[in-house]
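Peer 1: The sequence isn't on hand, but the structure is:
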């Protein structure tokens, strides 16, 4: 098994950004620019996505979590702040529960503890069927449009599409299986880190019950609901998103 490809910039205490489905480390451009003056910012390309598209993806959320933890060790990073978006938010929940001593602070963004995504714009099985029938490129265009209030006219839409096109079919399908077999609710009590939950109030992937479950289930958690945003708050309102997260994160461990 090969090592994950990371993007890394800046200096300071490590801040790890974990992307979601059909994305890659390049999804965090605005966050690299904002945080690199105060943090050592690292973003893995998950296996099968972005610059790690040549790697085979696991079909479980804990499997993804282990690969990211191992990749950070290979980067020489032992303790870090951790932020995950969407599927990446599932992964960081698993990381924080499995290795609490390594996670200084946690941000669960546009995510929840129930992998089956009961409030999603379409069921996981429909996504699987359409992915197999229509392919990666059509699926990426269609799904990425749901991440923005302005759909395919949004400023960040084309960047998301370009990243999604890099994904392997194996990883796209394995990720869907990973979601539907994962329930992170029993692990919430094992998360020790101070946690910020961030959610856009027009998110079509995760309904309110999902961030609410994180906020109520994680002992030391705070909640930020961002108005007038869909799933990709960090691209729709990057300045506000960065300010909220930056206010939460200490610059040390």
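Peer 2: On my side now, so go ahead. Please read these numbers as outputs of a predicted model, since none were measured by experiment. Numbering: from 1, shown residues only.

Peer 1: Run through who's touching stretch 224-244.
Peer 2: Applying C-beta atoms under 8 Å, 6 or more residues apart in numbering, the external contacts of stretch 224-244 come out as 27-28, 30-31, 34-35, 85-86, 109-110, 146-149, 154-156, 159-160, 196-206, 211. For every residue, glycine as well, the C-beta is placed using N, CA and C.

Peer 1: Buried residues, that stretch. List them.
Peer 2: Of all the residues in stretch 224-244, those buried under the rule 16 or more other C-beta atoms under 10 Å are 224-226, 229-238, 240-242, 244.

Peer 1: quick one: the closest residue to residue 187 other than its chain neighbours and residue 17, what's the gap?
Peer 2: Counting by C-beta to C-beta, 6 or more residues apart in numbering, residue 97 is the residue found nearest to residue 187 once chain neighbours are left out, at 3.9 Å. Going from residue 97 to residue 17 by C-beta to C-beta, to the nearest Å gives 19 Å.

Peer 1: about what we covered before: can you say which of the contacts of stretch 224-244 are buried?
Peer 2: By 16+ other C-beta under 10 Å, those give 27-28, 31, 34-35, 85-86, 109-110, 146-148, 154, 156, 159-160, 196-200, 203-206, 211 as buried.

Peer 1: Please flag which of the residues you listed sit within strands.
Peer 2: Mapping the buried ones among the contacts of stretch 224-244 onto strands (DSSP state E) picks out 85, 109, 196-200.

Peer 1: Out of those residues, the closest to residue 65 would be?
Peer 2: residue 85 (14.7 Å; C-beta to C-beta).

Peer 1: Which elements pack onto the longest helix along the chain?
Peer 2: In the chain, assigned by DSSP state H, the helix with the most residues is helix 124-145. In terms of contacts (3 or more C-beta pairs under 8 Å, 6 or more residues apart in numbering; DSSP states H and E), helix 124-145 is packed against helix 157-164, helix 169-180.

Peer 1: which parts of the worst-scoring helix or strand of the chain on mean pLDDT are buried?
Peer 2: Within the chain, no helix or strand scores below helix 124-145, which has a mean of 94 by mean pLDDT, DSSP states H and E. For helix 124-145, a neighbour-count test (16+ other C-beta under 10 Å) marks 124, 127-128, 131, 136, 139-145 as buried.

Peer 1: Helix 169-180 and that one, what's the angle between them?
Peer 2: Helix 124-145 runs at 110 degrees relative to helix 169-180, counting by axes from the mean of the first three to the mean of the last three C-alpha atoms, to 10 degrees.

Peer 1: Report the inter-axis angle for helix 124-145 versus helix 157-164.
Peer 2: Using the same axes, to 10 degrees, helix 124-145 lies at 130 degrees relative to helix 157-164.

Peer 1: contacting residues for the nearest residue in space to residue 11 that is not next to it in sequence?
Peer 2: Residue nearest to residue 11 in three dimensions, not counting chain neighbours: residue 40, with 5.6 Å by C-beta to C-beta, 6+ apart. Each residue near residue 40 by C-beta under 8 Å, 6+ apart is listed here: 8, 10-15, 77.

Peer 1: which residues does residue 40 bridge with?
Peer 2: Taking DSSP bridges as the rule, residue 40 bridges to residue 10, residue 14.

Peer 1: For the stretch 51-200 of the chain, which residues score under the pLDDT cut-off?
Peer 2: In the prediction, the stretch 51-200 of the chain carries no residues with pLDDT under 70.

Peer 1: which other residues reach the least confident helix or strand of the chain?
Peer 2: 21-22, 116-117, 151-152, 157, 160-161, 164-165, 167-169, 172-173, 176, 179-180.

Peer 1: Mind pulling the model confidence for residue 1?
Peer 2: With respect to pLDDT, residue 1 scores 62.

Peer 1: can you give me the offset of stretch 176-196 from its chain's centre?
Peer 2: 13 Å (C-alpha atoms, centre = their mean, to the nearest Å).
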